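**Student:** I need the structure of the sequence given here:
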Amino acid sequence: MAEGRRRLSDAAVNYRPRIVGFLLFPVMLMSIPGEENFAARTVISAFCLVWPHLAYRLALRRGGDAESERANILFESLFGGILAVAFSLRLWPTSAVYVIGVINAMLFGGPRFLAACLATSLIGFAAAWLVMGLQIHPDTEPLATALSAAGVFAYIIYIGNTAFRLRLRQRETRAALEREERKSHELLINVFPAAVVPRLRAGESPIADQFADVTVVFADIVEFTPLTERLGPKRTVLLLNDLFRRFDQAAARLGVEKIETTGDGYLAVAGAPPPLDEHAPAAADFALAVIEAARAADVPIRVGIHTGPIFGGVIGESRFHYKVFGDTVNTASRVQGQAAPGRILVSEAVRKRIEATHVLEERGTIDLKGHGPMQTWWLVSRRQR
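**Tutor:** Coordinates of the predicted model:
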């Protein structure tokens with residue numbers, strides 16, 4: 001599936017509308033005739049041109065979310081009270097100021113936030129009145145104009161409240177989708193190698209890779225069928241869950257990729273899909289951790305390791321999963337079949353990669369099906385540093 005587009009921050013969404021809104025205020029201010037509060041109107045007009053850019057920077061510094069925008073809107077409410085005095089309460093320009101303020105307050109905080117903004121605006125109005133004085137200029141038919149403005153305000157509040165509720169629902173839906181997206185991603189990470197998941201989500205098909213040099217580890221429980229008959233289904237599942245959980249933890253710690261479990265078997269690869277420079281020593285350390293975990297669980301297990309090229313890819317359409325295959329995988333499986341319970345058998349190719357880091361004992365030549373004679377070695381431990 002394709003990745004969604006990045007969502008714009010609340011600060012970015014409100015940036016351009018704020019520029020347009022605050023461009024209207026100086027135009028209306030400077031259109032007032034005469035010398036009435038001319039100096040104050042000039043300063044306020046200049047601030048209107050600067051404020052949208054300053055508000056955007058401040059919001060980004062605070063995170064750019066709705067909370068940071070609410071801080072800006074509270075300041076604009078204070079500034080709106082000052083503008084009302086600068087307009088000498090001329091009804092329509094004052095109404096324009098408050099309509100814009102009401103819309104922003106409702107969209108970003110709802111009715112309670114609107115009440116806080118109106119209270120803040122009253123503070124700005126009182127302060128500006130004390131500084132500039134107030135010369136009221138009633139419009140023609142002031143009562144009818146005031147009632148019309150009140151009607152506009154009521155309708156804007158109603159629309160704003162509806163938009164606010166829709167926005168809350170949209171946020172809840174988005175949060176639910178993001179939670180499901182995280183769950184889906186975590187599920188895919190548990191099923192597929194991490195390097196494959198972005199390719200699956202991008203819709204790549206088929207996913208097929210060739211790896212020139214990796215190390216394959218096979219582990220298998222010895223005499224698993226008698227063990228299941230003795231334990232029963234529930235205890236067998238609990239045992240496997242605990243055992244393979246320890247294997248998974250060791251694989252994650254050492255950079256080894258778990259490929260799959262097959263009943264009583266465990267297949268892992270070092271060096272693919274994510275590359276790993278020292279993949280053979282990492283695979284050897286993982287095998288030692290597997291033996292240690294099996295001993296702690298009192299489960300007889302044998303392990304085989306081989307190094308070479310492999311192929312990998314996502315197989316299937318409904319219950320699809322990531323598979324590795326090739327001669328190296330088959331050889332590692334057959335080397336594991338020749339190992340003794342509680343021991344790790346490695347091929348000659350592995351021995352050459354790990355003899356400087358690990359203690360090995362010669363097992364001798366074995367006749368490996370499909371390969372003929374092969375020199376093999378027991379992996380004993382890691383060398384002391």
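
**Student:** counting contacts, what elements does the one helix or strand residue 41 maps to pack onto?
**Tutor:** Per DSSP states H and E: residue 41 is located in helix 38-61. Where contact means 3 or more CB pairs under 8 Å, 6 or more residues apart in numbering; DSSP states H and E, helix 38-61 is packed against helix 10-30, helix 66-86. All C-beta atoms are positioned from the backbone trio N, CA, C, and that covers glycine.

**Student:** Quick one: closest of the ones you listed to residue 279.
**Tutor:** Residue 279 lies closest, by CB to CB, to one member of those: helix 10-30, at 45.3 Å.

**Student:** Residues in contact with the closest one: which ones?
**Tutor:** Helix 10-30 has contacts (CB atoms under 8 Å, 6 or more residues apart in numbering) with 41-42, 44-46, 48-49, 51-53, 55-56, 59-60, 64-66, 68-69, 72, 83, 86-87, 93, 96-97, 100, 104, 108.

**Student:** again, 6 Å this time
**Tutor:** Applying CB atoms under 6 Å, 6 or more residues apart in numbering, the contact partners of helix 10-30 are 41, 45, 48, 51-52, 56, 59-60, 64-66, 69, 93, 100.

**Student:** again with stretch 52-61
**Tutor:** Against stretch 52-61 from outside (CB under 6 Å, 6+ apart): 11, 15, 18, 19, 22, 68, 69, 72.

**Student:** For the residues you listed, pick the one with the most neighbours.
**Tutor:** Greatest neighbour count in these, by other CB atoms under 10 Å, goes to residue 69: 26 neighbours.

**Student:** Can you tell me the closest non-neighbouring residue to it?
**Tutor:** Leaving aside its sequence neighbours, residue 69 sits nearest to residue 10 (CB to CB, 6 or more residues apart in numbering; 4.7 Å).

**Student:** Which residue ranges of the stretch 201-350 of the chain form strands?
**Tutor:** 208-221, 257-262, 265-270, 301-315, 321-325, 344-347 (DSSP state E, counting those that start in this stretch).

**Student:** Can I get those in CSV including mean pLDDT and mean neighbour count?
**Tutor:** As requested, the strands of the stretch 201-350 of the chain are exported to CSV (pLDDT from 0 to 100; neighbours: other CB atoms under 10 Å):
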stretch, mean pLDDT, mean neighbour count
strand 208-221, 94, 21
strand 257-262, 89, 18
strand 265-270, 94, 24
strand 301-315, 93, 23
strand 321-325, 87, 17
strand 344-347, 96, 28
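
**Student:** Would you mind giving these as TSV with distance to residue 118 added?
**Tutor:** TSV is the format used below for the strands of the stretch 201-350 of the chain (distance: least, CB to CB, whole Å):
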stretch	distance to residue 118
strand 208-221	63
strand 257-262	61
strand 265-270	65
strand 301-315	59
strand 321-325	60
strand 344-347	76
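
**Student:** between the ones you listed, which gets nearest to residue 201?
**Tutor:** Of all those, strand 301-315 sits nearest to residue 201, with 12.1 Å by CB to CB.

**Student:** between the strands of the stretch 201-350 of the chain, which one is nearest to residue 31?
**Tutor:** Residue 31 sits nearest to strand 301-315 of all the strands of the stretch 201-350 of the chain, at 67.6 Å, using CB to CB.

**Student:** What does residue 338 show for phi and psi?
**Tutor:** With angles defined as degrees, to the nearest 10, residue 338 sits at phi -90, psi 0.

**Student:** How about residue 341?
**Tutor:** Backbone geometry at residue 341, expressed as degrees, to the nearest 10, gives phi -60, psi 130.

**Student:** so what's it up against?
**Tutor:** Neighbour list for residue 341: 222, 300, 302 [criterion: CB under 6 Å, 6+ apart].

**Student:** Now flag whichever of those is closest to residue 260.
**Tutor:** Nearest to residue 260 among these, counting by CB to CB, is residue 302 at 17.9 Å.

**Student:** part of a strand, is residue 378?
**Tutor:** Yes. Secondary structure of residue 378 (DSSP: H, G, I helix; E, B strand; the rest coil): part of a strand.

**Student:** distance of the nearest residue to it once chain neighbours are set aside from residue 346?
**Tutor:** Residue nearest to residue 378 in three dimensions, not counting chain neighbours: residue 361, with 4.3 Å by CB to CB, 6+ apart. According to CB to CB, to the nearest Å, residue 361 stands 10 Å off from residue 346.

**Student:** Find residues that contact each of those two.
**Tutor:** With CB under 6 Å, 6+ apart as the test, residue 361 and residue 346 reach no residue in common.

**Student:** my hunch is that residue 367 is in a strand, does that hold up?
**Tutor:** Yes. Using three-state DSSP, the assignment for residue 367 is a strand.

**Student:** Can you give me the separation between it and residue 309?
**Tutor:** On the measure of CB to CB, residue 367 and residue 309 end up 23 Å apart.

**Student:** so residue 193 touches residue 258, yeah?
**Tutor:** No. Residue 193 is beyond contact range of residue 258, at 8.3 Å (criterion: CB atoms under 6 Å).
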